[in-house]
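Asks: need a 3D model of the following:
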Amino acid sequence: MYAISLGDDAELRPLEPWRAREFLEHIDRGREYIGRYVGMPDLVTDLASSRAYLQRHADKTAADTGRICGIWLDDKLVGGVMLPNLDTDQGTAEAGCWLEPSAAGRGLVTRAVRLLIDWAIEERGVHRVEWHVASKNAASIAVARRLGMSRDGVLRENHPYRGRRQDTEVWSVLAPEWRAARAES
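Replies: You can find the predicted model right below:
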């Protein structure tokens, strides 16, 4: 339907249910790497669960309560960005991401999330975008910093993940801060 260039032969595209097989293959390639901090690989284990996962997000898109997009590099799905929670009435959203190891270190997630935050703030009127990240996920924390987010705090041992409780850091950016930073760049 549409593709937005991220530069370097990479594109951001809608990630829809009809791409379930491609999504599953991507998750299989990065299952261990992605699953270190993100639960998606535990939910997407076969074609049916892949389709169901993407359908849940398509339903959120239709209800205007979320969004999911894939990152393609050289026409191969290598990751994605999402708004798992979007509440335009409250003016809040949560952004997230994942990436397979072959695409790490290229700045693709940062560029893709910038587009997603721009859309949330400028098109949907969101005032606050949050980034929830496991405290041990240094790469994701680096993305939050590059996006100009502020660390709001740590939710200590709030999230049980694969049999262990992990701390979650909450980072955020407010619409006026985002606009000011964009005007400076």
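Asks: pretty sure residue 148 sits in a strand.
Replies: No. Counting by DSSP: H, G, I helix; E, B strand; the rest coil, residue 148 is not found in a strand; it is coil.
Asks: wait, isn't it in contact with residue 181?
Replies: Yes. Counting by Cβ atoms under 8 Å, residue 148 sits close enough to residue 181 to count as a contact (4.6 Å). Where you see a C-beta, it was placed from the backbone N, CA and C, and this is true even at glycine.
Asks: and the two? Which one has more around it.
Replies: Residue environment comparison for residue 148 versus residue 181 gives the larger neighbour count to residue 148, 17 against 12, counting by other Cβ atoms under 10 Å.
Asks: check contacts around that one.
Replies: If you count contacts by Cβ atoms under 8 Å, 6 or more residues apart in numbering, residue 148 has them with 173, 177, 178, 181.
Asks: from those residues, which would you call buried?
Replies: 173, 178 (16 or more other Cβ atoms under 10 Å).
Asks: show me the contacts of residue 148 that map onto helices.
Replies: For the contacts of residue 148, the ones inside helices are 177, 178, 181, with DSSP state H as the criterion.
Asks: what is the nearest of the residues you listed to residue 68?
Replies: Taking Cβ to Cβ as the measure, residue 68 lies nearest residue 178 of those, at 20.9 Å.
Asks: which ones are touching residue 65?
Replies: Each residue near residue 65 by Cβ under 8 Å, 6+ apart is listed here: 85, 86, 87.
Asks: which of the residues you listed has the most neighbours?
Replies: The member of the contacts of residue 65 that has the most neighbours, counting by other Cβ under 10 Å, is residue 86 with 22 neighbours.
Asks: show me what contacts the residue nearest to residue 179 when sequence neighbours are not counted?
Replies: Spatially, and ignoring its direct neighbours in sequence, residue 179 is nearest to residue 121 (7.4 Å; Cβ to Cβ, 6 or more residues apart in numbering). Contact analysis of residue 121 by Cβ under 8 Å, 6+ apart lists 127, 129, 175, 178, 179.
Asks: next one: residue 94
Replies: Residues in contact with residue 94, defined by Cβ under 8 Å, 6+ apart, are 83, 84, 85, 86, 129, 130, 131, 132.
Asks: ok, now how distant is the nearest residue in space to residue 77 that is not next to it in sequence from residue 17?
Replies: The shortest distance from residue 77 to any non-neighbouring residue, by Cβ to Cβ, 6+ apart, is to residue 26 (4.4 Å). Distance, residue 26 to residue 17, using Cβ to Cβ, to the nearest Å: 14 Å.
Asks: who's more crowded, these two?
Replies: Neighbours of residue 26 and residue 17, each counted by other Cβ under 10 Å, are more numerous for residue 26; the result is 27 against 16.
Asks: since that was my last question, I'll sign off now.
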